[in-house]
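Asker: predicted model, plus sequence, below.
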Amino acid sequence: MITRWLSGRLARSLDDRLRVAPVLRRALAKVFPDHWSFMFGEIALYSFVVLVLTGVFLTLFFEPSTADTVYSGAYAPLDGSRTSAAYASTVRLSFDVRAGLLMRQTHHWSALLFVGAIVLHLLRVFFTGAYRRPREINWLIGVTMLALALFNGFTGYSIPDDLLSGTGLRILYSVTQSIPLVGEWLVFLAAGGEFPTAELVPRMFVSHVLLVPAVLAALIAAHLGILLRQKHSQFPGPGRTENNVVGSRFWPSYTVRTLALFAWVLAVAFALGGLAQINPVWIYGPFDPAQATSPAQPDWYVAWGDGALRLFPAVEFRVFGRLVPSPFLPGVVFGGLTFAGLYLWPFLERRRRRRRDRLAHQLLDPPRAHPARIGFGVGVLALFAVLLAAAADDILARILRLPVLHVLSILRVLALALPVSAGVVAYLVARALRAGGGRGIGELTRSDVRSAMRFGSRAGGVSTGVGDPSPVATAEPAAGSHDAARIELWRDPDGLWRWRYRDAVVVLAASQAYRSRPEAERAAATAYGDLPAREVAPSGGRTGEPAAMRERAGRIAGRAGGYLALAAVALWRGRRARRRPPP
């Protein structure tokens, strides 16, 4: 009773002075959708909280210096060895500080969870079109957070000054140095001199614990503020429109759910930190510029850059008499194009779909609704999967018992062929799902696949869930129709009833078929209200993109994939024949 009375008096006192009650009421009444895919952003947020908590503990014991010192501690193999102060404090933190190893490994695992959750969140936003207007700013903030997370993860990975992280720093130093004109200035500005320098670890430490976390915290606050200011996006479904949000209120149901997720993130992070060894720097040894570890792989979130360096041919050229070293193309140009594409994608797509994307979008797209988008996204993911594998080419060579050069040749062929083939397959599957109205890949029929292979036609409806009457826009020109919006119903050759919305600009066809006309009318009324409905003759889908161009592109992609596969087999056989001893 006393606690409730004191809290009530304190709340009333604050409200009398700050007038926060109306703002809090609106915030607590905010509705959030219940779909599981929206949890990725919260996992990233809670992983960041775990990073801050464990990072504060580690900061109390870590010494960011490269000054020579003699290690004396519980780890006997290094006792009495001369190392840097940063490396000695890391080993001491792992073996001599109570719970130090648990905190170190939990911090490292939380960094991996943080970056992984951001990547999954961005993929969900990409494949559902959640970056469209009015959410372009949040997309830009998310991409910036991804870039900062990669950078901060790399600096945190590097400050222990062990041999593995020092090798990675040397690679990054060389890649930055390869930038024409400004590369030398950039590395001297960042490192304070020729690698390795005494200033590098202290500067990375300040960036890792102060600068980048502060910017990340500001971006997270801005991201959440924009999310609260705008309506939350949601998937199409019964009762869901562009003007409402169907889900759970922030208080109390969503609060309980998100706190439970926070507890799970804490439990998983600390369980991994206590049970799964990661980054054992005492095994790698202190950094020595004259040595390098092999095989050596960085963390997965920067391994794609290492894989690109290994896969790209060693191409050097001159521009206006200045040498451009070989790391420039895979290290600088490829990475720059990757993030430039992420930043520009919403605006490029809006330019391609000029009429439709001038509107504000609150309903998300089912991924199958845009086969071109899902095909491009899957192709890019396949490319990065090959790059991740290339970062472990030496390990793959050991497992497969092949020379490293042979593994590199196979991966180079895969880097060219796999993205194209995976993108084409994903595109065709999305077209088949959209045309057939199936709720899953296992429900596709032969007719759906044959329809997807006919590039001259495009079905309009997309199934968005069980009993979901919501259509997906096909932007079909309503040529020859009246300006008044209406519902059109027809009976297909199978005896099932279908419906579509038509006005002067677009035709939005629903994918769900119904056994009777009243059921179709009720579904249309759920989505669009009491619009006038009339029965029309059955019609086919629209013809959108030029059929000849798309069919020709499909043939070229198929032939290119076949030729690349034949070239890979011929290359492998030729090298195997050359290595075979003469009779």
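Answerer: That came through fine.
Asker: list of residues touching stretch 209-229?
Answerer: Residues from elsewhere that reach stretch 209-229 (CB atoms under 8 Å, 6 or more residues apart in numbering): 27, 30, 45, 48, 52, 55, 59, 135, 137-138, 141-142, 144-145, 148-149, 151-152, 155. Placement of C-beta: from N, CA and C, glycine included.
Asker: whichever of these end up buried, select them in ChimeraX.
Answerer: Here is the ChimeraX command that selects the buried residues among those (16 or more other CB atoms under 10 Å):
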select :30,45,48,55,135,138,141,142,144,145,148,149,152,155
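Asker: just to be sure, R534 is in a strand?
Answerer: Yes. Under DSSP: H, G, I helix; E, B strand; the rest coil, R534 sits within a strand.
Asker: and it, how far from L261?
Answerer: R534 is 48 Å from L261, where distance means CB to CB, to the nearest Å.
Asker: kindly report the same for G305.
Answerer: 31 Å.
Asker: kindly report the same for A560.
Answerer: From A560 to L261 the distance is 45 Å (CB to CB).
Asker: over to E519?
Answerer: 38 Å.
Asker: now I118
Answerer: 16 Å.
Asker: tell me which of the two has more neighbours.
Answerer: I118 (25 against 15; other CB atoms under 10 Å).
Asker: isn't that one up against L148?
Answerer: No. The criterion here is CB atoms under 8 Å, and I118 misses it with L148 at 9.8 Å.
Asker: quick check, central residue of the protein?
Answerer: Centroid check for the chain by CA atoms, centre = their mean gives V119 as the closest residue, at 2.6 Å.
Asker: give me the pLDDT for that one.
Answerer: Note on V119: pLDDT of 97.
Asker: the one 10 residues further on now?
Answerer: The score at G129 is 91. That number is its pLDDT.
Asker: pull the number of nearby residues for it.
Answerer: 21.
Asker: one more: the one 5 residues further on?
Answerer: By other CB under 10 Å, the residues close to P134 number 14.
Asker: pretty sure it sits against E242.
Answerer: No. Using CB under 8 Å, P134 makes no contact with E242, being 11.6 Å away.
Asker: joint contacts of the two?
Answerer: With contacts defined as CB under 8 Å, 6+ apart, the residues adjacent to both P134 and E242 are A360, H361.
Asker: quick one: V536 and R491 touch, right?
Answerer: No. At 10.0 Å, V536 does not count as touching R491 under the criterion of CB under 8 Å.
Asker: looking at these two, which is more packed in?
Answerer: Under the neighbour definition other CB under 10 Å, V536 and R491 were set side by side, and R491 has more, 17 against 14.
Asker: got the contact list for that one?
Answerer: R491 makes contact with W497, R498, R517, E535, P538, according to CB under 8 Å, 6+ apart.
Asker: phi, psi of the nearest residue to the fourth one once chain neighbours are set aside?
Answerer: The shortest distance from E535 to any non-neighbouring residue, by CB to CB, 6 or more residues apart in numbering, is to L489 (5.2 Å). In this entry, L489 is assigned phi and psi values of phi -120, psi 150 (degrees, to the nearest 10).
Asker: what degree of burial does L489 show, as a neighbour count?
Answerer: 17.
Asker: just G168 next, same as before
Answerer: Residues near G168, counting by other CB under 10 Å: 20.
Asker: check the one 10 residues further on too.
Answerer: The tally of other residues near S178 (other CB under 10 Å) stands at 21.
Asker: about what we covered before: how far does the helix or strand harbouring the residue nearest to the centre of the chain sit from its chain's centre?
Answerer: Here V119, judged by DSSP states H and E, is contained in helix 100-128. With CA atoms, centre = their mean, to the nearest Å as the basis, helix 100-128 stands 11 Å off its chain's centre.
Asker: same check, this time on stretch 160-177
Answerer: 25 Å.
Asker: how about that stretch: buried residues?
Answerer: Quick answer for stretch 160-177 (16+ other CB under 10 Å): 160-169, 171-177.
Asker: what of stretch 279-289?
Answerer: Buried residues in stretch 279-289, counted by 16+ other CB under 10 Å: N279, V281, W282, Y284, G285, P286, F287.
Asker: look up how far I137 lies from the first one.
Answerer: When distances are taken as CB to CB, N279 and I137 turn out to be 36 Å apart.
Asker: what helix or strand is the residue nearest to P160 when sequence neighbours are not counted on?
Answerer: Sequence neighbours aside, T90 is the residue nearest to P160 in space, at 4.1 Å (criterion: CB to CB, 6+ apart). Element membership of T90 [criterion: DSSP H and E] is helix 85-95.
Asker: packing partners of that helix?
Answerer: strand 68-70, helix 100-128, helix 281-284 (3 or more CB pairs under 8 Å, 6 or more residues apart in numbering; DSSP states H and E).
Asker: pull the distance from it to the chain's centre.
Answerer: 34 Å.
Asker: sorry, back to before: run through the residues that contact the residue nearest to the centre of the chain.
Answerer: L146, Y301.
Asker: in the stretch 351-500 of the chain, which spans are helices?
Answerer: Along the stretch 351-500 of the chain, counting by DSSP state H, counting those that start in this stretch, helices occupy 371-390, 393-400, 404-436, 446-453.
Asker: closest one to G41 among the ones you listed?
Answerer: helix 371-390 (18.5 Å; CB to CB).
Asker: mind listing what's buried in the closest one?
Answerer: By neighbour count on 16+ other CB under 10 Å, the buried set for helix 371-390 is 371, 373-380, 382-390.
Asker: relative to R434, how far out is L140?
Answerer: Distance from L140 to R434, by CB to CB: 29 Å.
Asker: looking at the two, which is more packed in?
Answerer: Taking other CB under 10 Å, L140 and R434 do not tie; R434 has more neighbours (28 against 17).
Asker: so the more buried one is in contact with R373, correct?
Answerer: No. Using CB under 8 Å, R434 makes no contact with R373, being 11.9 Å away.
Asker: the stretch 101-250 of the chain: helices as residue ranges?
Answerer: Using DSSP H, counting those that start in this stretch, helices in the stretch 101-250 of the chain cover 136-158, 163-177, 183-191, 200-206, 212-229.
Asker: export those to TSV and tack on distance to S72 and mean pLDDT?
Answerer: Conversion of the helices of the stretch 101-250 of the chain to TSV gives the following (distance: least, CB to CB, whole Å; pLDDT from 0 to 100):
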stretch	distance to S72	mean pLDDT
helix 136-158	25	95
helix 163-177	20	91
helix 183-191	30	90
helix 200-206	21	94
helix 212-229	32	94
